[in-house]
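Colleague: here is the input, now give the coordinates:
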Amino acid sequence: CHTKMGVLGAKQLAGCLPSQLVSLDVDHNQGLGDEGSGLIATALWGHAALRYVSMCDVGMREKGAKALSRVIVTCTELVHVGFGQQDLGEAGFEAVVQALLERVRVGRSLESVRCRWRWQDWA
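Modeller: Take a look at the predicted model:
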């Protein structure tokens with residue numbers, strides 16, 4: 001999904017996600033921002049069939065990252081998650097890392113995690 005989707009689009013998308021959704025890619029939608037990415041991630045909580053979710057370069061910060069961390073923990077079939085190219089903030093980054101560690105702890109580690117960072121994110 002490489003369109004310009006803002007918060008309104010995120011609300012519409014979040015309201016119509018099918019319960020048997022297997023894959024969602026909203027990469028490169030900077031207009032989503034923290035609020036929009038949080039709405040979409042919250043709508044994904046507990047989706048039993050979800051295997052792939054990618055939300056790279058969408059303007060996600062702490063709120064969106066915390067919602068995504070819940071997706072990582074509650075979607076038991078998840079094998080891939082992408083969340084790179086954005087500044088999650090310290091609390092958001094910590095939430096995602098803790099969620100990834102929790103999956104490993106309970107024996108449900110992911111096959112792939114995409115979390116590329118721009119150099120300035122670490123400067």
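
Colleague: list the contacts for residue 24?
Modeller: 17, 40, 44, 50, 52, 53, 54 (Cβ atoms under 8 Å, 6 or more residues apart in numbering). Quick note: C-beta positions are derived from backbone N, CA and C, even for glycine.

Colleague: partners of the host helix or strand of it in the sheet?
Modeller: Using DSSP states H and E, residue 24 falls within strand 23-25. Taking DSSP bridges as the criterion, strand 23-25 forms sheet pairs with strand 52-54 (parallel).

Colleague: could you pull up the mean pLDDT of the strand it pairs with?
Modeller: Confidence over strand 52-54 (mean pLDDT, whole number) is 96.

Colleague: do stretch 57-69 as well
Modeller: 95.

Colleague: please apply the same query to stretch 36-48.
Modeller: On average, stretch 36-48 scores 94.

Colleague: off-centre distance for it?
Modeller: 8 Å (Cα atoms, centre = their mean, to the nearest Å).

Colleague: before we move on, back to that, most surrounded residue in the contacts of residue 24?
Modeller: In terms of neighbours by other Cβ atoms under 10 Å, the contacts of residue 24 top out with residue 40 at 28 neighbours.

Colleague: report the distance from the helix or strand hosting that one to the chain centre.
Modeller: Using DSSP H and E, the element containing residue 40 is helix 33-44. Average the C-alpha atoms of helix 33-44, do the same for its chain, and the two points are 8 Å apart (Cα atoms, centre = their mean).

Colleague: residues making contact with it?
Modeller: Under Cβ under 8 Å, 6+ apart, the answer for helix 33-44 is 5-7, 9-11, 13-15, 17, 21, 24, 26, 29, 32, 50, 53, 55, 58-64, 66-68, 70-71, 75.

Colleague: with just CA atoms, put it into CSV.
Modeller: What follows is helix 33-44 as a C-alpha-only set of coordinates in CSV (Å, rounded to 0.1, in the frame of the first residue of the first chain):
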residue,chain,number,x,y,z
GLY,A,33,1.9,9.3,11.6
ASP,A,34,1.8,8.0,15.1
GLU,A,35,-2.0,8.2,15.5
GLY,A,36,-2.9,6.5,12.2
SER,A,37,-0.3,3.7,12.7
GLY,A,38,-1.6,3.2,16.2
LEU,A,39,-5.2,2.9,15.0
ILE,A,40,-4.3,0.3,12.4
ALA,A,41,-2.1,-1.7,14.8
THR,A,42,-4.8,-1.6,17.5
ALA,A,43,-7.3,-3.0,14.9
LEU,A,44,-4.9,-5.9,14.3
